[in-house]
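[1] Sequence plus the predicted model coming up.
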Amino acid sequence: MIDQLEKFSYCNSMFFGHQVGEDLATELINGTGGAMAKAYIMSSGSEAMDAAMKMARQYYMELSNRQPKRINFIAREGSYHGTTLGGLSMSGHVGRRSLFLDMLLPNVHRVAACNAYRGMKPGQTTDEYVEQLADELDSKFQQVGPDTICAFVAEPVVGATLGCVPAVPGYFKAMKRVCDRYGALLILDEVMSGMGRCGSLHAWQQEGVVPDIQTMAKGLGGGYAPVAGLMINHRIADTLMAGTGAFMHGHTYQGHPVACAAALEVQRIVREGNLVQNVKKMGKLLGKLLHGALDNHPNVGNVRGKGLFWGIEFVRDKENKTPFPVAAGVANAVHTTGLMDMGIMLYPGTGTMDGVDGDHVLVSPVYTSTADDIEGIVRKIKETVERTFAKT
């Protein structure tokens, strides 16, 4: 970053490009094995979601057979896609939307999340559950008007709002088939779950699908600079190149050279240090130890996750999966106990069940964690949970 500052600190992207931005884009595209075609660099995940929505719309307007009726999106309940009005419109978290409902976009429609713990019926197989969710998405297309849908939008692993809920096997393949049936796009929001966090550089690489548009942020720059990104696949890129050749979008500080330098170096370190492989290996250990430490606790309803991205959902009644009342403040109590008593930071979340009721915490250790680190983290989490519920 200092080297870049000594060269130049800013470049107006409307008129100029720069090598560090080109190098970052090449690094990102190479990380997809060439499945994605272009990268667009911004400053936040919320910006990236707004840009994804505009990119989807522009794609249909640039097709040789323009499709101007495509203005609608289908997203999921219990999702989170950003804090801007566009990102919040896409989001399905009741609590985070409540103050701003009258200002949000009317063209976002919802289907159920893929949440095996709360969504699967007793005795239902994974295949049956996937078929149920695919049928629901298909019905939503029919209800809204299949020729008016731009895209289906989802997080491969739902982070802050549901507590690290991964999709069941086969889910995204089934959703992609529905999208393809009606000529709609698949947008995957990997702002929280991507860039190595779940044990592959991109979470979709474990799902057997390639998104049309992908957002990314947090792990992209590792906290060294505000930086986010959008990637598009060849289908989208080819259409734009055959049309105007330009994305009708822009921010003053998009593609900032210092942010690009930070992200590029972070991604090189991740690649050269084999850190994603370490995330995958340590993630298996973390999951095994968390299950061993917490599955039998009477107030732990579910432990779930992928890679070094895990969630713990708390319940008052384990058999019926009944959450604690909001006033009990369970998630924040676990967070405070961990921070003050055990010296561990656990990310608290509420509204886990329905956007209002329900509590969870997230556990997301650094990519360089060792087995000793993971064992120590789980010991602290176990003690934190036990101390918290001993007080209630």
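    In hand now; what should we look at? Numbers count the residues shown, from 1 in each chain.
[2] doesn't residue 36 make contact with residue 230?
    No: Residue 230 is beyond contact range of residue 36, at 9.9 Å (criterion: Cβ atoms under 8 Å). To be clear about C-beta, it is placed using only N, CA and C from the backbone, and glycine gets the same treatment.
[3] what sits up against the lowest-mean-pLDDT helix or strand in the chain?
    Scoring the helices and strands of the chain by mean pLDDT, DSSP states H and E places helix 94-97 at the bottom, with a mean of 90. Outside helix 94-97, the residues that touch it by Cβ atoms under 8 Å, 6 or more residues apart in numbering are 80, 88, 91, 104, 161, 350-351, 354-356.
[4] Same check on stretch 365-375?
    With contact meaning Cβ under 8 Å, 6+ apart, stretch 365-375 is reached by 196, 270, 273, 275-276, 278-279, 282, 285-286, 289, 308, 377.
[5] for the helix or strand harbouring residue 134, what is the average pLDDT?
    Using DSSP states H and E, residue 134 sits within helix 126-144. Mean per-residue pLDDT for helix 126-144: 98.
[6] buried sites along it?
    Burial within helix 126-144, assessed by neighbour count using 16 or more other Cβ atoms under 10 Å, is assigned to 129-130, 133-134, 137-138, 140-141.
[7] Let me have those in JSON lines, extended by distance to residue 120.
    Converted to JSON lines, those look like this (distance: Cβ to Cβ, whole Å):
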{"residue": "129", "distance to residue 120": "5"}
{"residue": "130", "distance to residue 120": "10"}
{"residue": "133", "distance to residue 120": "10"}
{"residue": "134", "distance to residue 120": "14"}
{"residue": "137", "distance to residue 120": "17"}
{"residue": "138", "distance to residue 120": "19"}
{"residue": "140", "distance to residue 120": "20"}
{"residue": "141", "distance to residue 120": "23"}
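[8] Sort out which one of the residues you listed lies nearest residue 343 for me.
    Closest approach to residue 343 among those (Cβ to Cβ): residue 129, at 39.5 Å.
[9] got the phi/psi numbers for the closest residue to the closest one other than its chain neighbours?
    Of all residues not flanking residue 129 in the chain, residue 120 sits nearest, at 5.0 Å (Cβ to Cβ, 6 or more residues apart in numbering). With angles defined as degrees, to the nearest 10, residue 120 sits at phi -80, psi 140.
[10] gap between residue 120 and residue 173?
    In this view, residue 120 and residue 173 are 18 Å apart by Cβ to Cβ, to the nearest Å.
[11] confidence score at the most centrally placed residue in the chain?
    Nearest to the mean C-alpha position of the chain, by Cα atoms, centre = their mean, lies residue 190 at 3.7 Å. Reading off the confidence values, residue 190 has pLDDT 98.
[12] all helices for this structure, in order.
    Assignment of helices within the chain using DSSP state H yields the ranges 2-7, 19-30, 45-62, 85-90, 94-97, 116-119, 126-144, 171-181, 218-221, 234-242, 257-272, 275-294, 330-337, 371-391.
[13] ranking these by burial, who's on top?
    Comparing the helices of the chain by mean neighbour count (mean count of other Cβ atoms under 10 Å), helix 218-221 ranks first with a mean of 25.
[14] what helices or strands is it leaning on?
    helix 257-272 (3 or more Cβ pairs under 8 Å, 6 or more residues apart in numbering; DSSP states H and E).
[15] Hmm, residue 85 and residue 100 touching each other?
    Yes: Residue 100 is in contact with residue 85 according to Cβ under 8 Å; the separation is 7.2 Å.
[16] quick one, domains of the chain?
    For the chain, the structural domains run 1-273, 275-391, going by the TED database.
[17] Tell me how far residue 159 lies from residue 81.
    11 Å.
[18] Could you count how many residues lie near residue 245?
    8 (other Cβ atoms under 10 Å).
[19] Pull the contacting residues for it.
    Residue 245 neighbours (Cβ under 8 Å, 6+ apart): none.
[20] Quick check: phi and psi on it?
    phi 80, psi 10.
[21] pLDDT score for it?
    For residue 245, the pLDDT comes out at 95.
[22] With the one 4 residues further on instead?
    Note on residue 249: pLDDT of 96.
[23] Can you report phi and psi for the residue nearest to residue 172 when sequence neighbours are not counted?
    Excluding its sequence neighbours, the residue lying closest to residue 172 (Cβ to Cβ, 6+ apart) is residue 207, at 4.2 Å. Main-chain torsions, residue 207, degrees, to the nearest 10: phi -100, psi -10.
[24] show me the contacts for residue 207.
    With contacts taken as Cβ under 8 Å, 6+ apart, residue 207 has the following neighbours: 156, 167, 171-173.
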